[in-house]
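Chemist: Quick one, fold the following:
(one chain, ligands or ions: 1)
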Amino acid sequence: MICISEERYTHGMLKESEAFAINIMDRKQKELVDGFMARGIPKSAKFEGINYRDGLTGCPILEDALAYLECRITLSHDTGDHTIFVGEVVEAASIREGIPLSESDYGHSYGG
Ligand SMILES: Cc1cc2nc3c(=O)[nH]c(=O)nc-3n(C[C@H](O)[C@H](O)[C@H](O)COP(=O)(O)O)c2cc1C
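Modeler: Residues are numbered from 1 along each chain as shown. Take a look at the predicted model:
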């Protein structure tokens, strides 16, 4: 399950593709992940220099991820400012050992 602000570029892509991939990255890859945090930058620019392949649904699977889950959206619920997308996992793999980067590594919680 993911909750995405309706203002995000990604929100439109989710509505169109009806799929998403969750890539679990290592704590040491914070700099790489920060590149994806910038708002409103098209996918083609965000993925420049990033190694990835298209998954079963066409979603990007990062080659350097610790693990990933690729999902087809089965339900979406608009809450006002964010949409809750629930996905059915179509493929998942654990690739290598590491300490996953999480929201707590950002020192504050996400406020929308
Ligand atoms: C720690 C952290 C957690 C975040 N979690 C979410 C989230 O759950 N949903 C969301 O819509 N944006 C979240 N954001 C903001 C997005 O990362 C950022 O706005 C998004 O990548 C913008 O990309 P886009 O406009 O190209 O879609 C989070 C940001 C940070 C720093």
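Chemist: contacts and neighbour counts: CA atoms only from here.
Modeler: Fine.
Chemist: Most remote residue from the middle of this protein, which is it?
Modeler: Using C-alpha atoms, centre = their mean, the residue of the chain lying farthest from its centre is Gly80. It sits 21.0 Å away.
Chemist: Quick check: phi and psi on Gly49?
Modeler: Gly49 has phi and psi values of phi 80, psi 0 when expressed as degrees, to the nearest 10.
Chemist: Kindly apply the preceding question to Lys28 instead.
Modeler: Reported as degrees, to the nearest 10, the phi and psi values for Lys28 are phi -70, psi -10.
Chemist: And for Ile41?
Modeler: phi -90, psi 130.
Chemist: Name the nearest residue to it, sequence neighbours excluded.
Modeler: Take Ile41 and drop its neighbours on the chain: the residue closest to it by C-alpha to C-alpha, 6 or more residues apart in numbering is Tyr9, 7.5 Å away.
Chemist: Wait, that neighbour touches Ala38, no?
Modeler: No: because the distance of 10.5 Å does not satisfy C-alpha atoms under 8 Å, Tyr9 is recorded as not touching Ala38.
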